[in-house]
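Chemist: Here is my input, please return the structure:
(4 chains, ligands or ions: 4)
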Amino acid sequence: MTNHPEFIENTANDGRAEGNLLPSVQPVQLIAPEGTKHPESATAGWKERYALPSVDTLLEGYGRLVMGRRINDQANALVRQGRMAVYPSSFGQEACQVAADMCLDQDDWLFPTYRDTVAILGRGVDPLEAFESLRGDWHSGFDPKEYKTALPATPLATQLLHAVGVAHAAKLRGEDTVALALCGDGASSEGDFHEALNFAAVFHVPVVFLIQNNQYAISVPLRQQNVAQSLAHKAIGYGMPGERVDGNDLAALLSVVGAAVKRARDGGGPALIEAHTYRMESHTNADDATRYRSAEEVASWAPKDPLLRLQKYLHDAGELSADDAERFASDAEAVAKILRDGLKTETSPDPADLFRYVYSEPTPQLHEQSRMLADELASALAPEGVSS
Amino acid sequence: MTNHPEFIENTANDGRAEGNLLPSVQPVQLIAPEGTKHPESATAGWKERYALPSVDTLLEGYGRLVMGRRINDQANALVRQGRMAVYPSSFGQEACQVAADMCLDQDDWLFPTYRDTVAILGRGVDPLEAFESLRGDWHSGFDPKEYKTALPATPLATQLLHAVGVAHAAKLRGEDTVALALCGDGASSEGDFHEALNFAAVFHVPVVFLIQNNQYAISVPLRQQNVAQSLAHKAIGYGMPGERVDGNDLAALLSVVGAAVKRARDGGGPALIEAHTYRMESHTNADDATRYRSAEEVASWAPKDPLLRLQKYLHDAGELSADDAERFASDAEAVAKILRDGLKTETSPDPADLFRYVYSEPTPQLHEQSRMLADELASALAPEGVSS
Amino acid sequence: MTTTANRTKPAARASGAPAGVEPVLTGVQTITFAKALTLAMADAMEADTSVLVFGEDVGTLGGVFRVTDGLTRRFGPERCFDTPLAEAGIVGMATGMAMNGMRPVVEMQFDAFAYPAFEQITSHVAKMGNRTRGLVRLPMVIRIPYAGGIGGVEHHCDSSEAYYVHTPGLTVLTPSTVTDAYVMLRDAIASPDPVVFLEPKKLYFTKDTVDLDELRSRYDADASVSSSIGTSVVAREGTDATLIAYGPSVSIALAAAETAATEGRSLQVIDVRSLVPFDDEGVCAAVRSTGRAVVIAEAPGFASMAAEIVARIQERCFHSLAAPVLRVTGFDIPYPAPRLEKYYLPGVDRILDAVDNLQWEN
Amino acid sequence: MTTTANRTKPAARASGAPAGVEPVLTGVQTITFAKALTLAMADAMEADTSVLVFGEDVGTLGGVFRVTDGLTRRFGPERCFDTPLAEAGIVGMATGMAMNGMRPVVEMQFDAFAYPAFEQITSHVAKMGNRTRGLVRLPMVIRIPYAGGIGGVEHHCDSSEAYYVHTPGLTVLTPSTVTDAYVMLRDAIASPDPVVFLEPKKLYFTKDTVDLDELRSRYDADASVSSSIGTSVVAREGTDATLIAYGPSVSIALAAAETAATEGRSLQVIDVRSLVPFDDEGVCAAVRSTGRAVVIAEAPGFASMAAEIVARIQERCFHSLAAPVLRVTGFDIPYPAPRLEKYYLPGVDRILDAVDNLQWEN
Ligand SMILES: Cc1ncc(C[n+]2csc(CCOP(=O)(O)OP(=O)(O)O)c2C)c(N)n1
Ligand SMILES: Cc1ncc(C[n+]2csc(CCOP(=O)(O)OP(=O)(O)O)c2C)c(N)n1
Ligand SMILES: [Mg+2]
Ligand SMILES: [Mg+2]
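Modeler: Numbering: from 1, shown residues only, chains lettered A, B, ... in the order given. Ligands and ions are numbered 1, 2, ... in the order given. Here you go, the predicted structure:
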């Protein structure tokens, strides 16, 4: 088994054996911001094999983008209404998450970050379960094993190693599971990023690392994070192929991520993909992005929007029927309604849960502390003056 | 100021702008194992600018190799005699350490590892001060600031970040200090390695990272550590140039490391160099290398020895006079004698030192604990039955 | 009191400041805890060009809690700057800078995000002075916003002090008042030894009125002033029992003492503030004066700072004690999700219950 | 007793083993502490193919202390293997494997070299079960050779238990006998929760004679056996005072008790062995029976496991105590260089001094 077959054909002619691990000279793009296919000017140097996905696939993807956008909008509204503590918006970045979902099979594993709620819902996770942690009832609301989707990771880059472990375990059992791990541009600076890529390469396990390079780590722009030609250039240092792709072009993402997933599944080992995108809104609702980036810069990304781009392409190609459009919108609205209704309902998390899950069996100490809290709560409820 | 000037000319014609950050196609070698210059077969693809150092420089280097070898031999003997607890031998790797020393000015900083005793002595550190930690009297014996030489680092790769900090501080003050940090092939897998290279690149500070790739991290061979084409290939992922060099060829090392140091001093930023060498002895005296590598493999490296190679070259070139050879040997013997005599002398580290240096001023708690120990020791000394 | 009265006062030091730089605050001012920290850094940077501030988002943004707000504008991007996102990198680079003449003040964005730097802190920062026999001291400050009470999600509310106080070589400080925020951070920056400086997040936006000129005069005087390091303070006088708290728990202890007073019980409150070095003398004197003590801390209690305080008191004041020293701490569980934190945090009732249990009948 | 008698006994399970694989030891054997650990892993791997062993140098070399010696030869390089040199990587990958059906047993080469994995251990390993409401349990073991007494150089002798015991969600075990090395490691591997397994380095080459068949029968039986987790043991009976120790300090406590006996004082010795969960019941019963206690541990005392034990005892047994509970611990300093460690380590004299200070006159 070679380390890196097909994925790497037709790179720029670099005259060096290992050059095939370097990313394309320009980020792969199949549909231009204007919704046109393969703009002549930008194709030079691309890897020939990235083909436009089928119309059915693109339609499905478009539906998922509509859903993703609606989820972001709804979540933002819920935060404004005080129904949710925090929401890290991925408005503008939805295509990366949609591509991740679409390229994975049900038995594959997804490792999302805090910004990847759209991807988590796309895996089939119940919307209210997915939002339980954002609402603050518990640290999580869904079963990672049921959906083969890890809890969204907060400590940056740590989840990449878990993805390697999950894939490694599957490989040892002879299963053909692929793990796809998402992370941000900022997270690529953490030591765990390095260790994960190296472990994946050395153990030759089926993991696809997909960096959503949205140009900022909170307020820190990429140039203060990294001065390499691209983040995808890091791949060669681990002996795996790297690729960069227009992260607002779902077609290109599906093609590039799909190829990496297929390659991983076929025993080709890990790959690193950098998707160029942009976070259109603040880091979270607690952040104020105007402190560190200009309105012009944000505006310059609006025309590159992934949803509008695919809409235009499908529309111009005569492939987006009014029926489809309506169905996508109403599917999305249905989920939005679940969120609205669900987050309106008062929940009352059980304080006894605090002690239940720390260990499989609560320790004597936790039993004691649990009893203490229960007594406290009982006596707080007891009528004044009466103590038990 | 560009990111990477002169260092990168004449790389293999890779047809890509960033290809100049990739290392030469073969490790740079100026003197072949046989002691001959520039073997025709191996020059292809080398960066033209690596010129053979002057005879004077090579002679100085040879003298330092003789010294280094003698230090290793003497230290091993002292360990066998039980005069020293532990010694991580660098027999066979001396050229890398000698090159590091020779390429630095007195005001530059060296960041060695536990294996780099030869480099530490080469910085002018008093031999007995350098050996104090190996003898077990204290964690260190020399003043890092006096010699601009950090204490040898044990927690792997951590020192690379300190080198970045020292260089960064110097740069902020407008000083032209360069920091050179050594580490092993194994250490390149640690998260701190990644963070150090990235910080150095982003802050564009004058640090040269020199990996002594001796093929093993204790028992783990390189192929289980890393599957990239070379460790030097990692550089491109940080936007700095990488180079690989025959680590047993002092001439090549001086040329490559010297160029990187000069470039860093001139504001060109950091660089990564991988030197291919071999640890001829066990990891330390506590290790048994026969458990993980064959006698044949070890034997195959003997003819590549850095000392013999340069000796042969200088001898064949008629540049190594009997006088010089004798002077080198007697200089080395003098240091060996200092070590022998010094480690014969009984020392008695002062237990009160345990509390003296933890903080600039011992805390009340440490005063108390120090008094307690002093009382204990006093009463242990007091005649039986008499208590104070 | 408002700050209007002082707004017009000419800010001498700010003259000639670059555009966008706020005038330097002087005189009596009502400021937040966060602002007091900013002022401490600014004043230290003004006084000593080797003081640098860096970390994630501390430059342009001014920190996620705005504690470094304005420092880059005032001192330039070479003295206050953003780093790549890597905590071991930040602390490791700071270590090298401190080795080479600088006094770095670094920010870890949240408590749990200091953990990637644990090896650098434990094996290098804490040990450097000792291993070099005092030849290399590391005058650096690691600022860590810590603890909860702000409805933060997981990994954003850890009370991580136990990890640092257990590590010999670190000085560990945690202010609980606006004045101490200023004074202790300046003392931390002035210290020749590395300081882990724990900032209770929930206090960032609390306010107090302070005389900045007076605070500054401590540091402008050439005479060496006595440092806050190693000293506790009596936050409230009392005679029946002693509440011992620090950081985020001091205000809860004070509230408990207030309530107890209305019930006729006089509780003394000690603010430890300097966790390492610990003020054995001050704390023991306080406990001896009342004969009863409750230690309050937000961190899980097991093998914690609170455990240490209990152990020390009973070792040193055993025969002055009318009852065991009790603890009111966080439970031995991970910090809870926002809507459950109220059950976790030591509160007035739980403290008063503990006081009630101090065996008053015996 | 020598092992010769059993050498010839046919080792049933080893039949058909690949070349170079040692026969499986059975029956009564004199083995080292290290060998007991090896056997525990081997038996667990034999019983359950999801048990994997990995770390730095654990494969071909068999570990720097040879604790994993022979596992790769016997179970193949897919079940016991070397990793790249990165501790966060090792623990992070193990976490993923445990999420996906494996039971990884990883080795950190030395105590201080586990620090790079601190974030993975603290923010993930410890918390996963809780944050997923028990849906994802991590049955993994992190083996850490720890503590000193072997003349090791810096970073090789840290007693790092406080960092782990303070972190809710981790089970923390430390055996002090050859039997416990086997039993407790098997219990650790069998546990559904993550275990930090602390191995006192200085005990690795101590020996004892054990009946392996008997030890194994505990685990071969299908009935669920009672685990050692959460239980302390009385290592020596005694009536005048209780010495409480664990790991490397148990043998010192026993030696102190031995000496005390010759001086007419009867000291009870408790081996805590399970630091978390802690056996409150057993330890408190012991202390109540004597009314006096000294806690012994090698780690710096400040905010340590020893502090916790002291705090708990005085909270729970206050009125049974005739004297304060004293501590004999490491000083609050970095672990000393080899030639000074003898001054640092709790020794018999220091323990007996503490016992003398238990206010026998009062
Ligand atoms: C280890 C760690 N350090 C710091 C943080 C705080 N933090 C949360 S998000 C963030 C920025 C991450 O940027 P990036 O990786 O680019 O992802 P993005 O938010 O842009 O999607 C930071 C610093 C964290 N979560 N974990
Ligand atoms: C963080 C850390 N983990 C583990 C170790 C234990 N250790 C000491 S040397 C070594 C191998 C290092 O290999 P390499 O970096 O190639 O250097 P070499 O010894 O070959 O010079 C290991 C694992 C350590 N010192 N630090
Ligand atoms: Mg980003
Ligand atoms: Mg090596």
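Chemist: Contacts only, for the nearest residue to residue A:165 once chain neighbours are set aside.
Modeler: Computed as C-beta to C-beta, 6 or more residues apart in numbering or on different chains, the closest residue to residue A:165 that is not its neighbour in sequence is residue D:96, at 2.0 Å. All C-beta atoms are positioned from the backbone trio N, CA, C, and that covers glycine. Shown in contact with residue D:96 (C-beta atoms under 8 Å, 6 or more residues apart in numbering or on different chains): A:161-169, A:179.
Chemist: For residue A:24, give its distance to residue A:301.
Modeler: Distance, residue A:24 to residue A:301, using C-beta to C-beta, to the nearest Å: 21 Å.
Chemist: measure the residue nearest to residue A:165 to chain B for me?
Modeler: With distances taken as C-beta to the nearest C-beta, to the nearest Å, residue D:96 is found 17 Å from chain B.
Chemist: Repeat that for residue A:129.
Modeler: Distance from residue A:129 to chain B, by C-beta to the nearest C-beta: 33 Å.
Chemist: Make sure that residue is actually in contact with residue A:141.
Modeler: Yes: contact criterion C-beta atoms under 8 Å: residue A:129 and residue A:141 qualify, at 4.0 Å.
Chemist: quick one: which of the two has more around it?
Modeler: Neighbour comparison, residue A:129 and residue A:141: the larger count goes to residue A:141, with 20 against 17 (by other C-beta atoms under 10 Å in any protein chain shown).
Chemist: For the nearest residue to residue C:318 once chain neighbours are set aside, which residues are in contact?
Modeler: Nearest non-adjacent residue to residue C:318, counting by C-beta to C-beta, 6+ apart: residue D:324, 3.8 Å away. Residues near residue D:324 by C-beta under 8 Å, 6+ apart: C:314-316, C:318, D:314, D:359.
Chemist: Please convert the buried members of those into ChimeraX selection syntax.
Modeler: Typed into ChimeraX, the line below selects the buried ones among those, using 16 or more other C-beta atoms under 10 Å in any protein chain shown:
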select /C:314,315,316,318 /D:314
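Chemist: For ligand 2, state which of the contacts of residue D:324 is nearest.
Modeler: residue C:315 (36.0 Å; C-beta to the nearest ligand atom).
Chemist: ok, residues contacting the helix or strand encompassing that closest one?
Modeler: Secondary structure assignment for residue C:315, by DSSP states H and E: helix C:305-317. When contacts are defined by C-beta under 8 Å, 6+ apart, helix C:305-317 is touched by residues C:161-162, C:165, C:244, C:246, C:272, C:275, C:278, C:280, C:283-284, C:287-288, C:293, C:295-297, C:299, C:301, C:321, C:324-327, C:329, D:302-304, D:306-308, D:310-311, D:314-315, D:324-327.
Chemist: Distance-wise, check the closest residue to residue A:248 other than its chain neighbours relative to ligand 2.
Modeler: Spatial nearest neighbour of residue A:248, chain neighbours left out: residue A:306 (4.2 Å); criterion: C-beta to C-beta, 6+ apart. Note on residue A:306: its distance to ligand 2, by C-beta to the nearest ligand atom, to the nearest Å, is 42 Å.
Chemist: And for residue C:195?
Modeler: Distance from residue C:195 to ligand 2, by C-beta to the nearest ligand atom: 25 Å.
Chemist: what's the average pLDDT for the helix holding residue C:315?
Modeler: Averaged across helix C:305-317, pLDDT comes to 97.
Chemist: can you check stretch C:226-233 too?
Modeler: On average, stretch C:226-233 scores 95.
Chemist: and what of stretch C:278-286?
Modeler: Mean predicted confidence for stretch C:278-286 is 98.
Chemist: Which element, helix or strand, includes whatever residue of the stretch 51-200 of chain A ends up closest to chain D?
Modeler: Nearest residue of the stretch 51-200 of chain A to chain D: residue A:165, at 2.0 Å (C-beta to the nearest C-beta). Assessed by DSSP H and E, residue A:165 sits inside helix A:158-172.
Chemist: near chain C at all, the helix or strand following that helix?
Modeler: Sequence order places strand A:179-184 as the next helix or strand after helix A:158-172, per DSSP H and E. No: Strand A:179-184 stays clear of chain C (C-beta under 8 Å from any C-beta of the partner chain), getting no nearer than 8.5 Å.
Chemist: counting contacts, what elements does strand A:179-184 pack onto?
Modeler: Judged by 3 or more C-beta pairs under 8 Å, 6 or more residues apart in numbering or on different chains; DSSP states H and E, strand A:179-184 is in contact with helix A:94-103, strand A:109-111, helix A:158-172, strand A:207-213.
Chemist: And the chain, split by domain according to the record?
Modeler: No chain specified, so I'll use chain A. A:21-343, A:350-388 (automatic domain parsing).
Chemist: I was thinking of chain C, sorry if that wasn't clear
Modeler: C:26-217, C:233-356.
Chemist: Now do the end-to-end distance for the shortest one.
Modeler: Taking C-alpha to C-alpha, to the nearest Å as the measure, domain C:233-356 stretches 24 Å from start to finish.
Chemist: from the chain's centre, how far out does that domain sit?
Modeler: 17 Å (C-alpha atoms, centre = their mean, to the nearest Å).
Chemist: Repeat that for stretch C:75-91.
Modeler: 21 Å.
Chemist: same question, stretch A:275-288
Modeler: Using C-alpha atoms, centre = their mean, the offset of stretch A:275-288 from its chain centre is 14 Å.
Chemist: With stretch C:61-78 instead?
Modeler: From the chain centre to the centre of stretch C:61-78 is a distance of 20 Å (C-alpha atoms, centre = their mean).
Chemist: Ramachandran angles for residue A:217?
Modeler: phi -110, psi 100 (degrees, to the nearest 10).
Chemist: What about it, how many residues nearby?
Modeler: 23.
Chemist: and what of residue A:103?
Modeler: 23.
Chemist: And for residue A:149?
Modeler: Residue A:149, neighbours per other C-beta under 10 Å, totals 26.
Chemist: For residue C:250, identify the helix or strand it belongs to.
Modeler: Short version, using DSSP H and E: residue C:250 is in helix C:250-262.
Chemist: is any part of that helix close to chain A?
Modeler: No: using C-beta under 8 Å from any C-beta, helix C:250-262 stays clear of chain A, with a minimum separation of 14.4 Å.
Chemist: helices and strands around the helix or strand following that helix, which ones?
Modeler: Per DSSP H and E, the first helix or strand lying C-terminal to helix C:250-262 is strand C:267-271. With contacts taken as 3+ C-beta pairs under 8 Å, 6+ apart, strand C:267-271 sits against strand C:233-236, strand C:241-245, helix C:250-262, helix C:280-290.
Chemist: in its sheet, what does strand C:267-271 sit against?
Modeler: strand C:233-236 (antiparallel), strand C:241-245 (parallel) (DSSP bridges).
Chemist: Could I have the CA atoms of it written out in PDB?
Modeler: Only the C-alpha atoms of strand C:267-271 are listed here, as PDB (Å, rounded to 0.1, in the frame of the first residue of the first chain):
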ATOM      1  CA  LEU C 267     -18.000  36.500  62.200                       C
ATOM      2  CA  GLN C 268     -14.500  37.500  61.200                       C
ATOM      3  CA  VAL C 269     -13.500  37.300  57.600                       C
ATOM      4  CA  ILE C 270     -10.000  36.800  56.400                       C
ATOM      5  CA  ASP C 271      -9.100  37.400  52.700                       C
END
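Chemist: quick one: contacts of that strand?
Modeler: C:176-177, C:232-246, C:250, C:253-254, C:256-257, C:260-261, C:282-283, C:286, C:289-290, C:355.
Chemist: which strands and helices sit next to the helix or strand following that strand?
Modeler: Per DSSP H and E, strand C:267-271 leads on to strand C:274-276 as the next helix or strand towards the C-terminus. Helices and strands touching strand C:274-276, by 3+ C-beta pairs under 8 Å, 6+ apart, are helix C:161-165, strand C:171-173.
Chemist: how far away is residue A:312 from residue A:304?
Modeler: Counting by C-beta to C-beta, the gap from residue A:312 to residue A:304 is 12 Å.
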